[in-house]
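Novice: predicted model follows, preceded by the sequence.
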Amino acid sequence: MAAIEIAGLARHYGERAALDGVSLDLDAGQTLAVLGPNGAGKSTLLRVLGTLLRPHRGTVRVLGRSLPEHAYAVRGRIGFVGHDALLYRELSGQENLLFYARLYGVGPERVRELIETVGLGPRAGDPVRTLSRGVVQRLAVCRAVLHRPELLLLDEPLAHLDPAALELVAPLIGPPTGCTRVLTSHDPARALEEADLVLALRGGRVILLDRPGILDAAGVRELYR
Amino acid sequence: MSAPGPTAAGPSTASVVFALLRKELRVELRTLESVPAMSLLAVTTFVLFHFGLNRGRVDGDLAAGVLWVTLLFASMLAINRLFVADLEQGGFDGFLLAPVSRSALLLAKAAALGVYLVALELVAVPAFALLLLGPSIGGALPGLVASLALADLGIAAVGTLVAALAVRTRARDLIGPLVALPLLIPVLLSGARLSAPLLAGGGPGPLAGRWLATLALYDLVFGLIAYAVFDFLLED
């Protein structure tokens, strides 16, 4: 069953096309790696799939529901890690997670479990503004998976994480989750390792949609030109 | 991972409103961005009126006008800041990603703004009585509290709506007051007309039912308008 079905998707910011004619299908449980240089439209694609942006043209179905008409029905099934951590700086990490847990109808025990999983215990009570970017990113991952989403939209999810932190968050957003995943990364090699399908964008247009195996190092470099 | 996930029914709107309001008040308590600024502006304005009017004491129409104009201008500070933390720290997106009613945000923000207004009035009204008001405020208090409570509802509804409209614009500090103040003229008018007899020199007069009803009607109409259009303001 397809978890994501996109046909002829276009999205503009004023006159500029951020996405233009994007089409793809992704089966449930698969991972899509979205590659491309800065400004290619990767984040816009994730924001459309996350119901934060409306498509201006084309059709988008996520988890069997078309967007934006049925956005409400899929929001609780999506986990989103974006460029911003979506955390309030004056609140502690624990307070932020408890706040989001209430929005998703999740109990506090899940917050405690996640804090332990990502090794935040001693610093969970510190205001977010006092935490390093890596610790904030771990919190952002916790926020995204609080409600055990079926679809993970991961925009540079491993940014700012050291190797130890990478190991801690892997069980939450990595392949072991079994979730359908759409991820962008500044580490294409790693993204391709985990991907079942690779989408390359340039200027909002699809320049490659295929299995990752067809790309060698030179091919990857070419995508970022 | 054995802990339960989201409940089947999802969170109730009431619990979401409560969570949002608690977060809002917690952030304000830690940053003190709105209430202290509002209170300081109000007290400073009363001091300026004290010297600017070249009279130590005011009563009646003048007292009511000074009080209500000052409260309205002070409330603009909170209205302008109402969604700024959400916009700058990603709270907007965090909320929009959640499977909850958009109206919960309206209710929570309006309630938070209402709390800020009450806090402002707890400082501003005694300061007004001390610095400017001629007659004793004691006898006027019940009527004044009633008119302020009704006015606060209207300001909270209109203020939240305007704040949500203005926050995504580049000139939000200008757009907020430019849109909100004309919309709040009926509150100013009704509040001042209600308060003038209460603050009269010869002792407090009765509350004018007509102006109370006007304020209540204003609250109802703008409450419904805010409820009807708020979702669209949050949409992309």
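Specialist: Done, it's in.

Novice: hey, let's count contacts and neighbours off CA atoms from now on
Specialist: OK.

Novice: in the chain, which spans are strands?
Specialist: Let's take chain A. A:2-13, A:16-27, A:31-35, A:57-62, A:65-67, A:78-81, A:151-155, A:180-184, A:197-202, A:205-210 (DSSP state E).

Novice: the chain in question should be chain B.
Specialist: Taking DSSP E as the criterion, chain B carries no strands.

Novice: residues of it that sit close to chain A?
Specialist: Contacts of chain B with chain A, taken as CA under 8 Å from any CA of the partner chain, map to B:3-7, B:10-11, B:15-16, B:19-20, B:23, B:26-27, B:30-31, B:85-86, B:89-91, B:93-100, B:236.

Novice: any idea what the residue nearest the centre of chain A is bridged to?
Specialist: Nearest to the geometric centre of chain A sits A:Leu154, at 1.6 Å (CA atoms, centre = their mean). Beta bridges link A:Leu154 to A:Val81, A:Leu183, judged by DSSP bridges.

Novice: for the record, mean pLDDT for the top helix by length along chain A?
Specialist: Longest helix in chain A by number of residues (criterion: DSSP state H): helix A:133-145. Taken as a whole, helix A:133-145 has a mean pLDDT of 95.

Novice: report the buried residues of it.
Specialist: A:Gly134, A:Val135, A:Val136, A:Gln137, A:Arg138, A:Leu139, A:Ala140, A:Val141, A:Cys142, A:Arg143, A:Ala144, A:Val145 (16 or more other CA atoms under 10 Å in any protein chain shown).

Novice: could you give me the average pLDDT of stretch B:138-157?
Specialist: Rounded mean pLDDT across stretch B:138-157 is 93.

Novice: same deal with stretch B:169-179?
Specialist: pLDDT averaged over stretch B:169-179 gives 88.

Novice: quick one: the helix or strand of chain B with the lowest mean pLDDT to chain centroid distance?
Specialist: When the helices and strands of chain B are compared on mean pLDDT, DSSP states H and E, helix B:84-89 comes out lowest with a mean of 88. Between the centre of helix B:84-89 and the centre of its chain there are 19 Å (CA atoms, centre = their mean, to the nearest Å).

Novice: how about stretch B:225-236?
Specialist: On CA atoms, centre = their mean, the centre of stretch B:225-236 falls 19 Å from the chain's centre.

Novice: just the buried positions in it, please.
Specialist: Those would be B:Ala226, B:Tyr227, B:Phe230, B:Leu234, for stretch B:225-236 by 16+ other CA under 10 Å.

Novice: closest to chain A among those residues?
Specialist: Closest approach to chain A among these (CA to the nearest CA): B:Leu234, at 10.0 Å.

Novice: alpha carbons only: can I get the longest helix of chain A in CSV?
Specialist: Extracted C-alpha coordinates of helix A:133-145, given in CSV (Å, rounded to 0.1, in the frame of the first residue of the first chain):
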residue,chain,number,x,y,z
ARG,A,133,22.3,22.6,19.6
GLY,A,134,22.9,18.9,19.7
VAL,A,135,20.9,18.4,22.9
VAL,A,136,18.1,20.6,21.4
GLN,A,137,18.1,18.4,18.3
ARG,A,138,17.7,15.3,20.5
LEU,A,139,14.7,17.0,22.1
ALA,A,140,13.3,17.8,18.6
VAL,A,141,13.5,14.1,17.7
CYS,A,142,11.7,13.2,21.0
ARG,A,143,8.9,15.8,20.2
ALA,A,144,8.5,14.3,16.7
VAL,A,145,8.1,10.7,17.9
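
Novice: before we move on, back to that, can you put the buried residues of stretch B:225-236 in JSON lines and add pLDDT?
Specialist: Formatted as JSON lines, these follow (pLDDT from 0 to 100):
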{"residue": "B:Ala226", "pLDDT": "94"}
{"residue": "B:Tyr227", "pLDDT": "94"}
{"residue": "B:Phe230", "pLDDT": "92"}
{"residue": "B:Leu234", "pLDDT": "85"}
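
Novice: among those residues, name the ones in helices.
Specialist: Those of these lying in helices (DSSP H): B:Ala226, B:Tyr227, B:Phe230, B:Leu234.

Novice: in this structure the second one contacts B:Arg102, no?
Specialist: No: B:Tyr227 is not in contact with B:Arg102 according to CA atoms under 8 Å; the separation is 9.5 Å.

Novice: rewinding a little: the longest helix of chain A packs against which elements?
Specialist: Judged by 3 or more CA pairs under 8 Å, 6 or more residues apart in numbering or on different chains; DSSP states H and E, helix A:133-145 is in contact with strand A:78-81, helix A:93-103, helix A:163-173.

Novice: residue contacts, the residue nearest to A:Phe99 when sequence neighbours are not counted?
Specialist: Counting by CA to CA, 6 or more residues apart in numbering or on different chains, A:Phe99 lies nearest to B:Ala19, which is 6.3 Å off, once chain neighbours are set aside. Neighbour list for B:Ala19: A:Phe99, A:Arg102, A:Leu103 [criterion: CA atoms under 8 Å, 6 or more residues apart in numbering or on different chains].

Novice: now do B:Leu183
Specialist: Shown in contact with B:Leu183 (CA under 8 Å, 6+ apart): B:Val158.

Novice: just the pLDDT at it, thanks.
Specialist: At B:Leu183, pLDDT is 96.

Novice: look up how far A:Gly121 lies from it.
Specialist: 49 Å (CA to CA, to the nearest Å).

Novice: tally up the residues packed near A:Val22, please.
Specialist: 22 (other CA atoms under 10 Å in any protein chain shown).

Novice: ok, now B:Val118?
Specialist: Using other CA under 10 Å as the criterion, the residues surrounding B:Val118 number 17.

Novice: grab the nearest non-local neighbour of it.
Specialist: With CA to CA, 6+ apart, the residue lying closest to B:Val118 is B:Asp152, at 7.7 Å.

Novice: show me the contacts for the one you found.
Specialist: Contacts of B:Asp152 (CA under 8 Å, 6+ apart): B:Gly114, B:Leu117, B:Val118.

Novice: distance between stretch A:142-149 and the chain's centre?
Specialist: On CA atoms, centre = their mean, the centre of stretch A:142-149 falls 11 Å from that of its chain.

Novice: now do the end-to-end distance for it.
Specialist: So stretch A:142-149: terminal residues 11 Å apart, CA to CA.

Novice: follow-up on the earlier one: contacting residues for the residue nearest to the centre of chain A?
Specialist: Neighbours of A:Leu154 in contact, by CA under 8 Å, 6+ apart: A:Leu46, A:Phe80, A:Val81, A:Gly82, A:Arg181, A:Val182, A:Leu183, A:Thr184.
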